[in-house]
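>>> what would the 3D arrangement of this be:
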Amino acid sequence: MIDHLNGTLVSKKPTNVIIETNGIAFSVNITLPAFKMLPAINSYVKIITHLHIKENPISFVLYGFSDEKERDMFRQIISVSGVGPKTALSILSAVGSRELSEIIMSGNYSPLTSITGVGRKTAERLVLELKDKIARGETDIIPSHLNKTEFDELSKMSNIISALVNLGYNRTEADKLVTKISLAKNIMEMHVEDVIKEILRG
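Numbers count the residues shown, from 1 in each chain. Sure thing, here's the model as predicted:
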């Protein structure tokens, strides 16, 4: 099991980083909270990871997180029947581990159905299967180092990326477009629809 990676940050996007360590470059799919924490390109970085092994055909995929508690929640999510790591990553990027814990404990699964890849039945299963575990403290959710404003920003970025994918862009293109406009404009002061329009205008 690969618990974490440390090395040089070669590239970074809202959903993926490449880290070089001992001459080997590792590609890691990350959450938006993890992206928010990243240093500048070519800087030293350490990221908490989960190695997912997929069969038929066999493949190895690394997922990265802002901290161990976010990884713990990821592992709880993928323990739910029918929920894979890509969906778990989307959930944590959209709402964050703290807000997800609050949603599950409230028993109201509706906010989860707006996340790409999460339908009503999946949202219901998440709430049903994880509520007792969280209540017993098996998933130790402590308020994140990210404040509400930062979580709101990450959630908005995730919603914009999802909207672009629904419009026909692939995930990589959507990542680049959102990163570009976030550097040029304060997207927190804009409605999601207005951000999409700005992107489509080029």
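>>> please make it C-alpha for all contacts and neighbour counts, starting now.
Will do.
>>> these two touch, right, I91 and T113?
No. Shown here, I91 and T113 do not form a contact pair, counting by C-alpha atoms under 8 Å, at 9.9 Å.
>>> more neighbours: these two, which one.
I91 (25 against 16; other C-alpha atoms under 10 Å).
>>> and the more buried one, how far from L100?
8 Å (C-alpha to C-alpha, to the nearest Å).
>>> do K156 as well
15 Å.
>>> show me where this protein has its strands.
In the chain, the strands defined using DSSP state E lie at 4-13, 16-21, 24-30, 44-54, 59-65.
>>> need the contact partners of the last one.
Okay, so that is strand 59-65. Strand 59-65 has contacts (C-alpha atoms under 8 Å, 6 or more residues apart in numbering) with 27-31, 33-34, 47-54, 71.
>>> tell me the buried residues in it?
By 16 or more other C-alpha atoms under 10 Å, the buried positions in strand 59-65 come out as 62-65.
>>> which elements pack onto the lengthiest helix in the chain?
As assigned by DSSP state H, the longest helix anywhere in the chain is helix 85-106. Contact partners of helix 85-106 among helices and strands, from 3 or more C-alpha pairs under 8 Å, 6 or more residues apart in numbering; DSSP states H and E: helix 32-37, helix 68-78, helix 120-135, helix 148-166.
>>> want to throw these into CSV with distance to G96 and mean neighbour count?
Below are the helices and strands packed on helix 85-106 laid out as CSV (distance: least, C-alpha to C-alpha, whole Å; neighbours: other C-alpha atoms under 10 Å):
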stretch, distance to G96, mean neighbour count
helix 32-37, 7, 21
helix 68-78, 8, 20
helix 120-135, 15, 17
helix 148-166, 7, 19
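>>> could I get these as JSON lines with mean pLDDT?
Converted to JSON lines, these look like this (pLDDT from 0 to 100):
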{"stretch": "helix 32-37", "mean pLDDT": "92"}
{"stretch": "helix 68-78", "mean pLDDT": "93"}
{"stretch": "helix 120-135", "mean pLDDT": "86"}
{"stretch": "helix 148-166", "mean pLDDT": "67"}
